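In: Build me a structure from this.
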Amino acid sequence: MTRIRKAVLPVAGLGTRNLPAAKTTPKNLLNVFDRPMLAHVVAEGRAAGIEHFVIVLGRGQGAIEDYFDRSVELETALAEKGRTAMLETLRAEVARPGEMSFVRQMAPLGLGHAVWCARDIIGDEPFAVMLPDMLMDATPGALSQAMAAHDAVGGNIVVVEPAPDGETHKYGIVALGETAPGFHGRLRRMTGMVEKPPLGTEPSNLFISGRYILSPTVFEALAAHSRGAGGEIQLTDAMRARLDHEPFHALAYEGVTYDCGDPLGLLRANAAFALRDPDQGAAARAVLSELLNASLGA
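Out: Modelled structure (predicted):
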């Protein structure tokens, strides 16, 4: 089975649900506790063995490139002050030689178009797609779980999870076939995908989440630049076009997803990641308890 070496991270969105915070700071550089949400996703990819990240940028997002570059002045200042631990943390975030490519999406034409912009760098090999505003807290990571599924069955893997009760009409929902061996019944053949089905018509309660492993043939479907929901080029439409030609499996991963695309989702992620931090989790719990108690007593 071909090893997954590359991942596409589409970050060109305007982050309108996180305005005004995302007006001057790219939404994927908004902090989740101690570092940007994008850094958490890159760490997940590195842990899964990704060797090359293709980050698809939009206009005004040069700060993302700067984040993964060295800051000589800052490193020098930390070294002079003897802040060795912070210096090591900072350097660990820097991209390794040849680890990252940055591609410009010239117009906001949808997720499918963003993935298509990475086609020349991905080439003719299967690859991962990681949506950076979906933080997936799991051990092993969500992408590692998807890679294990790919090793077992090949083809395309789409990570899914249960939609909240009564909210399947807000998501892309998968239709399911037979169960694949292993994975405790969590890996099943996909027979269809339905975008935002009316309540009562959904084929399952599992929605397409933020991690994919895709065959490069998806670029053939994306090349048509067909417009779907919202007048955009949708990745779901391209996958649906390939569904009858190659295997797709849905993996109900084990973990918790935090949608950081709006202020409350970002708040939830910040609290969760702070509480599980090995060094500052106890202090974070005390801070949150103090704030909650003060609010309840007000």
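
In: So which residues of this structure form helices?
Out: For the chain, helices defined by DSSP state H occupy the ranges 37-48, 62-67, 72-80, 84-93, 111-116, 119-122, 142-153, 218-222, 235-242, 263-275, 281-297.

In: Kindly export the second one (C-alpha atoms) in CSV.
Out: It stands for helix 62-67. Output of helix 62-67 as CSV, limited to C-alpha atoms (Å, rounded to 0.1, in the frame of the first residue of the first chain):
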residue,chain,number,x,y,z
GLY,A,62,1.7,35.8,4.6
ALA,A,63,1.8,35.7,8.4
ILE,A,64,1.2,31.9,8.1
GLU,A,65,4.4,31.5,6.2
ASP,A,66,6.2,33.7,8.7
TYR,A,67,4.9,31.6,11.6
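
In: Other residues contacting that helix?
Out: For helix 62-67, contacts defined as Cβ atoms under 8 Å, 6 or more residues apart in numbering pick out 11, 25-26, 28-29, 36, 38-39, 55, 57, 93, 102. (Each C-beta comes from the backbone N, C-alpha and C, glycine too.)

In: The same query, at a cut-off of 7 Å, please.
Out: With contact meaning Cβ atoms under 7 Å, 6 or more residues apart in numbering, helix 62-67 is reached by 11, 26, 28-29, 36, 38, 55, 57, 102.

In: May I ask which of these has the most neighbours?
Out: Asn28 (29 neighbours; other Cβ atoms under 10 Å).

In: show me the contacts for it.
Out: Shown in contact with Asn28 (Cβ under 7 Å, 6+ apart): 11, 36-38, 64, 132-133.

In: please redo it, this time with the cut-off set to 6 Å
Out: Contacts for Asn28 (Cβ atoms under 6 Å, 6 or more residues apart in numbering) come out as 11, 37-38, 132.

In: List the single closest residue to it in space, sequence neighbours excluded.
Out: Of all residues not flanking Asn28 in the chain, Leu38 sits nearest, at 4.1 Å (Cβ to Cβ, 6 or more residues apart in numbering).
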